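Engineer: Output the structure for:
(one chain, ligands or ions: 1)
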Amino acid sequence: MQRARIIYNPTAGRELFKKHIPDVLIRLEEAGYETSCHATKGHGDATYAARLAAERGFDVVIAAGGDGTINEVVNGLAEHEVRPKLGIIPVGTTNDFARAIKAHGSIDKAVDIIVEGHTKKIDIGKMNDQYFINIAGGGRLTELTYEVPSKLKTVLGQLAYYIKGVEMLPTLKPTPVRIEYDGKLFEGEVTLFLVANTNSVGGFERLAPKAELDDGMFDFLILKKANMADILRIATLVLRGEHLNDELIIYTKANRIKVTSDEKVQLNIDGEYGGLLPAEFVNLYQHIEIFVPKDYA
Ligand SMILES: Nc1ncnc2c1ncn2[C@@H]1O[C@H](COP(=O)(O)OP(=O)(O)OP(=O)(O)O)[C@@H](O)[C@H]1O
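Structural biologist: Numbering: from 1, shown residues only. So this is what the prediction gives:
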């Protein structure tokens, strides 16, 4: 019998997972997994629990929560030589990562995917000494993701981000940066830069439309210096997936990116605060094996 460890965040999304645990355990047991659970207690605990599960030789680790929980679990697994396979039960607010691997919808569907057993090796990103699954980036516009309070997300879901975004628009200031990417150089002011591993970012599924999860490359997007009207125009284009040819956008693939600035620039990693520039982003090719739907494997 294989051993699985569920690491779940009891505060994620609308806090619904806990009452599904008995059913989930039964289904995993029937599929041949001896399963135990760990409820996270706060920031960083999922990383600790995932590291412990890897050390103890669990075959599978299942992250039940939002993107923050998946990120923490991946950070716990990434440095191990032999890494457990990763299952995802998306019960967060936006669930970008689950959306990217077509595993979003319901808890039942997510468990189906794990018990069916199809897997895929996917890339993850490394920013300085932290790992990410969806996206990292910097610039004032990225700061809104961690300025949205958790309680507001519980009540409003994704709408909370839009409200905060509109509220922040007048305060957005471009930042001077120097970016080296795969032998090229960009120097100038940017409103934001994004290093995307998946194509589903902040619920905008068309933001990085060419992102592939297993090609060893990031989708790299720079929004050059933009005023409020530009940002609103580009946000509308992003919803339609028509922003890539805009004159203020640079969009390319790269697997190693280095960003520096003379100013204090905050970084964002999978929707959370990630420290300050400078930063180096490296794509780790097919580093984690995850459960995916059959037609995605
Ligand atoms: N018991 C806990 N109490 C408070 N916070 C917790 C607890 N356990 C984990 N956390 C923190 O909650 C953060 C956010 O969780 P998570 O991403 O799972 O849900 P979410 O914010 O609702 O969803 P999403 O990231 O998809 O928007 C995590 O980064 C984690 O550090």
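
Engineer: Lowest-scoring secondary structure element of the chain by mean pLDDT?
Structural biologist: helix 150-156 (a mean of 57; mean pLDDT, DSSP states H and E).

Engineer: State which one residue of this protein is found closest to the ligand.
Structural biologist: residue 66 (2.0 Å; CB to the nearest ligand atom). Placement of C-beta: from N, CA and C, glycine included.

Engineer: Just say helix, strand or coil for residue 251.
Structural biologist: strand (DSSP: H, G, I helix; E, B strand; the rest coil).

Engineer: partners of the helix or strand that contains residue 185 in the sheet?
Structural biologist: Using DSSP states H and E, residue 185 maps to strand 184-196. Within its sheet, strand 184-196 is paired with strand 135-138 (antiparallel), strand 175-181 (antiparallel), strand 218-224 (antiparallel), according to DSSP bridges.

Engineer: I'd like to know how many residues surround the residue of the chain closest to the ligand.
Structural biologist: Neighbours of residue 66 under the rule other CB atoms under 10 Å: 25.

Engineer: residues contacting it?
Structural biologist: Applying CB atoms under 8 Å, 6 or more residues apart in numbering, we find residue 66 in contact with 9, 12-13, 90-95.

Engineer: what does residue 57 give?
Structural biologist: Neighbour list for residue 57: 3, 82 [criterion: CB under 8 Å, 6+ apart].

Engineer: quick one: secondary structure of it?
Structural biologist: coil.

Engineer: still on that earlier bit, now, of the strands paired with strand 184-196, which is deepest in the fold?
Structural biologist: Each of the strands paired with strand 184-196 was scored by mean neighbour count; the highest is strand 135-138, a mean of 29, by mean count of other CB atoms under 10 Å.

Engineer: quick one: that strand near the ligand?
Structural biologist: No: residues of strand 135-138 contacting the ligand under CB under 6 Å from any ligand atom: none, with a closest distance of 11.8 Å.

Engineer: Contacts for that strand next, please.
Structural biologist: Here strand 135-138 makes contact (CB under 8 Å, 6+ apart) with 96, 125, 127, 175, 177, 192-198, 201, 208, 259, 265-271, 274, 277, 279, 281.

Engineer: Check which residues of the strand holding residue 185 are buried.
Structural biologist: 186, 190-196 (16 or more other CB atoms under 10 Å).

Engineer: and if you look at stretch 255-272?
Structural biologist: By neighbour count on 16+ other CB under 10 Å, the buried set for stretch 255-272 is 255, 257, 259, 261, 265-272.

Engineer: average pLDDT for the strand holding residue 185?
Structural biologist: Strand 184-196 carries an average pLDDT of 93.

Engineer: so how far is that strand off the chain centroid?
Structural biologist: 19 Å (CA atoms, centre = their mean, to the nearest Å).

Engineer: cool, and stretch 43-61?
Structural biologist: 18 Å.

Engineer: who's in contact with residue 235?
Structural biologist: For residue 235, the contact set (CB under 8 Å, 6+ apart) is empty.

Engineer: hang on, it is in a helix, isn't it?
Structural biologist: Yes: the assignment for residue 235 by three-state DSSP puts it in a helix.

Engineer: Quick check: it vs residue 273, distance?
Structural biologist: Per CB to CB, to the nearest Å, residue 235 is found 22 Å from residue 273.
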